[in-house]
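K.L.:
only geometry, no sequence info:
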């Protein structure tokens, strides 16, 4: 039924580092509401964990599926396998050089113009690998009664712009 090109800028910062990058998605529209396809991500990350400074470029590919409902909301699943040889849990730990991510989530699907659509969403990383390049941008925290962070949830927000490559309305 057509295709779309997805562009997702990524910027994340914390008190221990940050990341900038983006993702390119090619979406085949299998029906009016179902899009599937491959993705490619490139991301630059830097960190200062316990005085140990590091930087890296993460890259990799994946697949995704999004289902749009009534031109208002969408749900999706996205799997990526990313080269990320750094542990955000223990910076001195040697980890496998590849990191799997499995994001499940959804949000709003908005038609900004005839040529540009926007997905604004929250995604939960089911795998939450120790060397996931997204760890530095998890912002949802659980605190104890003293206000101390006891857990950080593997949730990120994503803004993806989709551009139809055909005359589909």
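P.N.:
Noted; the coordinates are in hand. Because the structure is predicted, anything quoted here is derived from the model rather than measured.
K.L.:
Report how many residues lie close to the residue nearest to residue 110 when sequence neighbours are not counted.
P.N.:
Closest residue in space to residue 110, ignoring its immediate chain neighbours: residue 118 at 4.7 Å, by CB to CB, 6 or more residues apart in numbering. In this view, the C-beta of every residue, glycine as well, is placed from N, C-alpha and C. By the criterion of other CB atoms under 10 Å, residue 118 has 16 neighbours.
K.L.:
Okay, and the beta partners of residue 118?
P.N.:
Beta-bridge pairing of residue 118 under DSSP bridges involves residue 110, residue 161.
K.L.:
got the contact list for it?
P.N.:
By CB atoms under 8 Å, 6 or more residues apart in numbering, the contact list for residue 118 reads 108-110, 112, 159-162.
K.L.:
can you check residue 53 too?
P.N.:
Counted by CB under 8 Å, 6+ apart, residue 53 has contacts 46-47.
K.L.:
Relative to residue 112, how far out is it?
P.N.:
Residue 53 is 39 Å from residue 112, where distance means CB to CB, to the nearest Å.
K.L.:
would a markdown table of the contacts of residue 118 with distance to residue 131 and neighbour count be doable?
P.N.:
Listed next are the contacts of residue 118 as a markdown table, based on distance: CB to CB, whole Å; neighbours: other CB atoms under 10 Å:
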| residue | distance to residue 131 | neighbour count |
| --- | --- | --- |
| 108 | 31 | 11 |
| 109 | 31 | 24 |
| 110 | 34 | 14 |
| 112 | 35 | 10 |
| 159 | 24 | 14 |
| 160 | 24 | 26 |
| 161 | 28 | 16 |
| 162 | 29 | 23 |
